[in-house]
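Enquirer: Need coordinates for the below:
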Amino acid sequence: MRKRSLSLKPILKPLLIIVLLVLFFISLLTSCHGSRGLEEFNVPDDFDVNKNYEITFWAKNDTNKNQTAIYEKAVRDFREYYPNIDVKIRFYTDYGKIYNDVITNIATNTTPNVCITYPDHIATYMTGQNVVVPLDDLISSETFGLGGSQVKFDGPNRDEMVNKFMEECNLGGTQYAIPYMRSTEICYVNRNMVEELGYKLPEKALTWDFIFEVSEAAMKKDGDGNFVINGQKVLIPFIYKSTDNMMIQMVKQKGSGYSTESGEILIFNDTTKDLLMELSKHGKTGAFSTFKISSYPGNFLNAGQCIFAVDSSAGATWMGAHAPMQDIHESKIVQFDLAVYPVPQFDVDNMSMISQGPSICVFNKKDPGEVVASWLFTQFLLTNDVQIAYAKTEGYVPVTEKAQDSSEYQDYLSKEGTDNKEHYDVKIKATRILIDNTDKTFVTPVFNGSTSLRDASGQMIENVTKSVRRGETVDDAYMDKMFNDVRTLYRLDQLGEGNSGLGSDKDLGPLPGTAKALIMGIGIAWVLILIYWLYDKSKQKSKY
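Expert: Numbers count the residues shown, from 1 in each chain. Here you go, the predicted structure:
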């Protein structure tokens, strides 16, 4: 009786099919690590106005209905000039969500055509080949460029753009975006409380030392546990909304290291440590806190529970007893005189403040005509009608000299304080601070990983403030450990010199988990194929 041998064939075939299917789906997942499906964009000689295009525009409106209406009107007005271009808007309330959705859609070449974004985000988008369109040739095109002969609307020419803002969108020597709106950080101050504490606000700018001194003086309580200055149980004299901007500006003002243009991380130094030590002292007494820890500074300011509230100039409409936007019940609002200052300084004679605000990038597509259609709409967002209308909604500044110098915009500024809506005095004062100090603004270097560095900068302030509130000891050992922890958390230990982040493959960093899984899967598949081949060979020999 012949022994019955165990056959592997029934097992190997289905197993091999399963492995190959898994590899197929993994390859779909890993394709996001740099899109390779698009050719480099070249400006075409002509644009077919008889061909219909549908383009998508991803925008952030901050739940402001006025901003939504401006975008929608811009789409309608643009259609009058180019009836063959239909623009579909998708609104977001958070820049981070736009960023995440773009990253997700790069894998399937389904990015939007036009996107409100930040240069830090664009540096990451560019890890995919030919994903973001370089705009230099489009900007300078005699036909489709800024002020081009075939542009049907009255947009700005290149000389009418604010150079400082244009430079902020230049990555590695190439213009990958154009500015849309600009803002800076503002310190909103309860003048009454400062003066009741015996201090006088300076003419030019506030210093960090002044703010901390006044804030500590305000911590005195009466016998019932109420703060003497406001008669309430709650007082946080100094609240900063964006701690990443706080750290970035403090480091810049100190002339200390943050990062290089090539992506070398410099922020973990003794100056940063000293700044954090100082902040921890005021966090421990309760004189200083942050938005993430305590909530929105404008709410505390308007309720008489904060003296110095630092937020964007774009947030000016939420600041003050008469602010048109309020997040607290009117019964909690306290009447006070609100002063508006630039962000605090270490040296008021050598001021430095961050420039921020959304920019616009254009994504590459297979059809060059679709890219031109996207570019034309992008230019339309720079027209006076759009720029001025949007700037009026909050404390933003138009990015074109054409708009800033227009009679309409100058009339708007001149009506400061005539009402508490469009001409709300705090909003226009905040706007003027940026206009008057544009030459003193700066931006941080942009590279693949600069977003993580920005997040890490704010996280260190959050960490020390939380730690002292919990009674932890913040000393040199604490700082050294925190530096290492933050480096690891934000993968900053994987960045370094030469990481330009501008699309070169060598800068993509460690392979993601899905890519590693793909490599392992390929190895397993080859082993199974080899086993099956050997088995098949041995079976053929057994026949002879």
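Enquirer: give me the number of residues near the closest residue to V443 other than its chain neighbours?
Expert: Excluding its sequence neighbours, the residue lying closest to V443 (CB to CB, 6 or more residues apart in numbering) is E168, at 4.8 Å. From N, CA and C alone the C-beta is placed, and that goes for glycine too. The local packing count at E168 equals 25, with neighbours defined by other CB atoms under 10 Å.
Enquirer: which ones are touching E168?
Expert: P119, P179, S355, S359, V443 (CB atoms under 8 Å, 6 or more residues apart in numbering).
Enquirer: ok, now how distant is the third one from V386?
Expert: Distance check for S355 against V386: by CB to CB, to the nearest Å, it reads 20 Å.
Enquirer: What separation is there between I186 and G286?
Expert: 23 Å.
Enquirer: quick one: which of these two has more around it?
Expert: Between I186 and G286, I186 has the larger neighbour count (other CB under 10 Å), namely 27 against 17.
Enquirer: next helix or strand past the helix or strand where that one lies?
Expert: For I186, the host element (DSSP states H and E) is strand 185-190. Reading on from strand 185-190 to the C-terminus, the next helix or strand found by DSSP H and E is helix 191-196.
Enquirer: Give me the mean pLDDT for that following helix.
Expert: Predicted confidence along helix 191-196 averages 98 (mean pLDDT).
Enquirer: list the buried ones in that helix?
Expert: By neighbour count with 16 or more other CB atoms under 10 Å, helix 191-196 contains the buried residues N192, M193, V194.
Enquirer: do the same with stretch 147-156
Expert: Along stretch 147-156, these residues count as buried under the neighbour rule (16+ other CB under 10 Å): G147, G148, V151, G155, P156.
Enquirer: which one of those residues sits closest to D45?
Expert: G148 (12.8 Å; CB to CB).
Enquirer: For the closest one, give me its contacts.
Expert: Residues in contact with G148, defined by CB under 8 Å, 6+ apart, are S141, E142.
Enquirer: do I122 as well
Expert: For I122, the residues meeting the contact criterion (CB under 8 Å, 6+ apart) are V132, L171, Y176, A177, S359, C361, V446.
Enquirer: ok but L138 is inside a helix, no?
Expert: Yes: checked against DSSP: H, G, I helix; E, B strand; the rest coil, L138 lies within a helix.
Enquirer: hang on, the earlier thing: let's have the buried residues of helix 191-196 in TSV, adding distance to P368.
Expert: Formatted as TSV, the entries for these read as follows, by distance: CB to CB, whole Å:
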residue	distance to P368
N192	60
M193	60
V194	59
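Enquirer: out of those residues, which one sits closest to S313?
Expert: Lowest distance from S313 to the buried residues of helix 191-196 (CB to CB) belongs to V194, with 20.7 Å.
Enquirer: Show me where the stretch 251-400 of the chain has its strands.
Expert: Listed in chain order, the strands found in the stretch 251-400 of the chain under DSSP state E, counting those that start in this stretch are 288-290, 308-312, 338-342, 353-354, 359-362, 397-398.
Enquirer: And the fifth one, how far out from the chain middle?
Expert: Its chain's C-alpha centre and that of strand 359-362 lie 12 Å apart, by CA atoms, centre = their mean, to the nearest Å.
Enquirer: before we move on, what about the fourth one?
Expert: Relative to its chain's centre, strand 353-354 lies at 15 Å (CA atoms, centre = their mean).
Enquirer: Adjacent strands (with direction) for it?
Expert: According to DSSP bridges, strand 353-354 forms sheet pairs with strand 441-442 (parallel).
Enquirer: Need the contact partners of the partner strand.
Expert: With CB under 8 Å, 6+ apart as the criterion, strand 441-442 contacts K164, T184, K252, S352, M353, I354, S355, L434.
Enquirer: just stretch 222-231 next, same as before
Expert: Contact with stretch 222-231 is made by 193, 196-197, 218-221, 232-235, 304-305, 334, as judged by CB under 8 Å, 6+ apart.
Enquirer: Quote the end-to-end distance of it.
Expert: Between the start and the finish of stretch 222-231 there is a gap of 8 Å, counting by CA to CA, to the nearest Å.
Enquirer: Would you check the distance separating that stretch from the middle of the chain?
Expert: Averaging C-alpha positions (CA atoms, centre = their mean) puts stretch 222-231 40 Å from its chain's average.
Enquirer: what is the mean pLDDT for it?
Expert: The average of the pLDDT scores along stretch 222-231 is 97.
Enquirer: Pull out the buried positions in that stretch.
Expert: F227, I229, N230.
Enquirer: same deal with stretch 412-427?
Expert: Within stretch 412-427, the residues that qualify as buried are Y412, E416, N420, H423, Y424, D425, V426, K427, counting by 16+ other CB under 10 Å.
Enquirer: Specify which member of those is nearest to N105.
Expert: When the buried residues of stretch 412-427 are ranked by distance to N105 (CB to CB), K427 comes first, at 35.2 Å.
Enquirer: So for the nearest residue in space to the closest one that is not next to it in sequence, what's the pLDDT?
Expert: On the basis of CB to CB, 6+ apart, the spatially nearest residue to K427 that is not a chain neighbour turns out to be A316, at 4.1 Å. Reading off the confidence values, A316 has pLDDT 97.
Enquirer: ok, A316 - how many residues close by?
Expert: A count of nearby residues for A316, using other CB under 10 Å, gives 30.
Enquirer: Roughly how far does the closest residue to I267 other than its chain neighbours sit from T444?
Expert: Once its chain neighbours are removed from consideration, I267 has its nearest residue in Y258; the separation is 5.2 Å (CB to CB, 6+ apart). From Y258 across to T444, the span is 6 Å (CB to CB).
Enquirer: Which of those two has more residues huddled nearby?
Expert: The neighbour count for Y258 versus T444, taken as other CB under 10 Å, is higher for T444 (22 against 19).
Enquirer: list the contacts for N437?
Expert: For N437, the contacting residues are T184, P342, M351, M353, taking CB under 8 Å, 6+ apart as the criterion.
Enquirer: Could you do K281 as well?
Expert: V468.
Enquirer: Kindly report the same for H282.
Expert: In this structure, H282 makes contact with F212, S215, E216, F238, F288, judged by CB under 8 Å, 6+ apart.
Enquirer: Then V43?
Expert: Contact analysis of V43 by CB under 8 Å, 6+ apart lists D137, L138, S141, F144, P368, V372.
Enquirer: Please work out how many residues are found near the residue nearest to it when sequence neighbours are not counted.
Expert: Counting by CB to CB, 6+ apart, D137 is the residue found nearest to V43 once chain neighbours are left out, at 4.9 Å. For D137, the tally of surrounding residues (other CB under 10 Å) stands at 14.
Enquirer: Show the pLDDT at the residue nearest the centre of the chain.
Expert: Among the residues of the chain, Y118 comes closest to the average C-alpha position under CA atoms, centre = their mean, at 4.9 Å. Per-residue pLDDT puts Y118 at 93.
Enquirer: swap in W533?
Expert: Per-residue confidence for W533 comes out at a pLDDT of 58.
Enquirer: do the same with the one 3 residues further on
Expert: If you check D536, the pLDDT there is 64.
Enquirer: which residues of the stretch 351-500 of the chain score low on pLDDT?
Expert: Regions of the stretch 351-500 of the chain meeting the criterion pLDDT under 70 cover residues 495-500.
Enquirer: Revised request: answer the last question for the stretch 51-200 of the chain.
Expert: Scanning the stretch 51-200 of the chain for pLDDT under 70 picks out 62.
Enquirer: So which residues of it form helices?
Expert: Secondary structure of the stretch 51-200 of the chain (DSSP state H, counting those that start in this stretch): helices at 65-81, 95-106, 119-125, 136-140, 163-167, 191-196.
Enquirer: So what's the residue count around P358?
Expert: P358 has 22 neighbours, counted by other CB under 10 Å.
Enquirer: Setting aside sequence neighbours, what's the nearest residue to D101?
Expert: Leaving aside its sequence neighbours, D101 sits nearest to W58 (CB to CB, 6+ apart; 7.4 Å).
Enquirer: Isn't that neighbour up against T110?
Expert: No: taking CB atoms under 8 Å as the contact criterion, W58 and T110 are not neighbours in contact, 11.7 Å apart.
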